[in-house]
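Enquirer: coords below, sequence missing:
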DNA sequence: GCTTGAAGCTCTAGTCGCTGTAGGTTTTAG
DNA sequence: CTAAAACCTACAGCGACTAGAGCTTCAAGC
């Protein structure tokens, strides 16, 4: 019986997130409302700590909250959800790979911009010239960055 | 004299962004307010088209709007801004590289999660087990994804 | 038992960079 | 002249939190 109940602050420290984040998860129905003290302060048990830890881990892996919600359901009915969980994880892996590919093309162009700058005999800046003239980059790629 | 003045829709098509985006840039003071027709519709000239194109190109490279704003100022005073522009571009390159590094570590963990799933004799799902138990991943890494 | 300061509470607004909608007006092609 | 497309303003919403104001409760020391 090491942790009978945790305050929200202790819970936040123990999983490494902010107090407000926990309250936010409760508000959007991701975490169930916990028990309260007589003075209406939240107290959490080990089960809820595990659940929050699960959520945070999934979030750190970049799963969006709707996906986290699905994974929580699958985790709860701990049977027959494996194929679906795999599918969700695959989707996330695909998204991460697409994101990486895009960022790599951005990196290439930023590096090109910076490497060629030594032409400033002319008084003009390569970085600015590149941004001003889309023809100066190889220009096939870089659609805009999506978020996750 | 091919383009004397463009409507907002024509401008949007010509640089590849949405009409609302242009109005938004005007609203936040990134693009100057253009001339208007008698009926109060916006009309743009080639100078503003170039400016918008510059902005969009920078955005596609992931520069945040405050950085774009700085770059625009440097581009306007087209002298002596090169060192600063380089610095901004370097900052952006660093941010992109950090982002890539983090996503790579996420990819590694997602792949590990998915590859090991063949242990489902036990009826338990590797994906869910991994999310539930932080000890199952190598666990040193993955701080949370930052946006740009 | 009392004090005090940290930590808790609710509620609201702000972040970033747009995007979408509602409800109306103007332009333009036929 | 009509009808449809494009435009206008104003505001709400996205995702996932984060920050602040203004108040209350808890826990530890005396």
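Expert: Alright, I've got the coordinates. Quantities reported herein were computed from a predicted structural model and do not represent experimental measurements.

Enquirer: make it CA atoms for all contacts and neighbour counts henceforth
Expert: OK.

Enquirer: domain parsing for chain A?
Expert: A:6-60, A:83-136 (automatic domain parsing).

Enquirer: tabulate those (CSV), appending distance to DNA strand C, mean pLDDT and mean neighbour count.
Expert: Conversion of these to CSV gives the following (distance: least, CA to the nearest atom of the strand, whole Å; pLDDT from 0 to 100; neighbours: other CA atoms under 10 Å in any protein chain shown):
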stretch, distance to DNA strand C, mean pLDDT, mean neighbour count
domain A:6-60, 3, 96, 15
domain A:83-136, 15, 82, 17
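
Enquirer: would you list those in TSV and tack on distance to chain B?
Expert: As requested, those are arranged in TSV below (distance: least, CA to the nearest CA, whole Å):
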stretch	distance to chain B
domain A:6-60	5
domain A:83-136	5
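
Enquirer: output these as CSV; include the columns distance to DNA strand D.
Expert: Listed next are these as CSV, based on distance: least, CA to the nearest atom of the strand, whole Å:
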stretch, distance to DNA strand D
domain A:6-60, 3
domain A:83-136, 11
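
Enquirer: quick one: closest of these to residue B:131.
Expert: domain A:6-60 (5.4 Å; CA to CA).

Enquirer: which of the domains of chain A sits closest to residue B:71?
Expert: With CA to CA, the closest approach to residue B:71 among those belongs to domain A:83-136: 7.3 Å.

Enquirer: mind putting the domains of chain A in TSV, distance to residue B:63 included?
Expert: Listed next are these as TSV, based on distance: least, CA to CA, whole Å:
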stretch	distance to residue B:63
domain A:6-60	24
domain A:83-136	10
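
Enquirer: which one's the longest helix in chain A?
Expert: helix A:82-115 (DSSP state H).

Enquirer: and the angle from that one to helix B:82-115?
Expert: Relative orientation of helix A:82-115 versus helix B:82-115 (axes from the mean of the first three to the mean of the last three CA atoms, to 10 degrees): 160 degrees.

Enquirer: show me what helix A:82-115 is packed up against.
Expert: Secondary-structure packing of helix A:82-115 (3 or more CA pairs under 8 Å, 6 or more residues apart in numbering or on different chains; DSSP states H and E): helix A:65-76, helix A:126-132, helix B:82-115, helix B:126-132.

Enquirer: and these as JSON lines, adding distance to residue A:48?
Expert: Compiled in JSON lines, these are given as follows (distance: least, CA to CA, whole Å):
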{"stretch": "helix A:65-76", "distance to residue A:48": "12"}
{"stretch": "helix A:126-132", "distance to residue A:48": "50"}
{"stretch": "helix B:82-115", "distance to residue A:48": "23"}
{"stretch": "helix B:126-132", "distance to residue A:48": "12"}
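
Enquirer: find the residue at the geometric middle of chain A.
Expert: residue A:62 (3.5 Å; CA atoms, centre = their mean).

Enquirer: list phi and psi for that residue.
Expert: Main-chain torsions, residue A:62, degrees, to the nearest 10: phi 90, psi 0.

Enquirer: can you check residue A:44 too?
Expert: phi -110, psi 140.

Enquirer: check residue A:36 too.
Expert: Main-chain dihedrals, residue A:36, degrees, to the nearest 10: phi -130, psi 150.

Enquirer: list the residues that contact it.
Expert: For residue A:36, the residues meeting the contact criterion (CA atoms under 8 Å, 6 or more residues apart in numbering or on different chains) are A:42-43.

Enquirer: and it, how close does it get to residue A:23?
Expert: Per CA to CA, to the nearest Å, residue A:36 is found 13 Å from residue A:23.

Enquirer: same check, this time on residue A:10
Expert: 13 Å.

Enquirer: repeat for residue A:86
Expert: Here residue A:86 is placed at a distance of 29 Å from residue A:23 (CA to CA).

Enquirer: same check, this time on residue A:125
Expert: From residue A:125 to residue A:23 the distance is 49 Å (CA to CA).

Enquirer: now residue A:101
Expert: Residue A:101 is 35 Å from residue A:23, by CA to CA.
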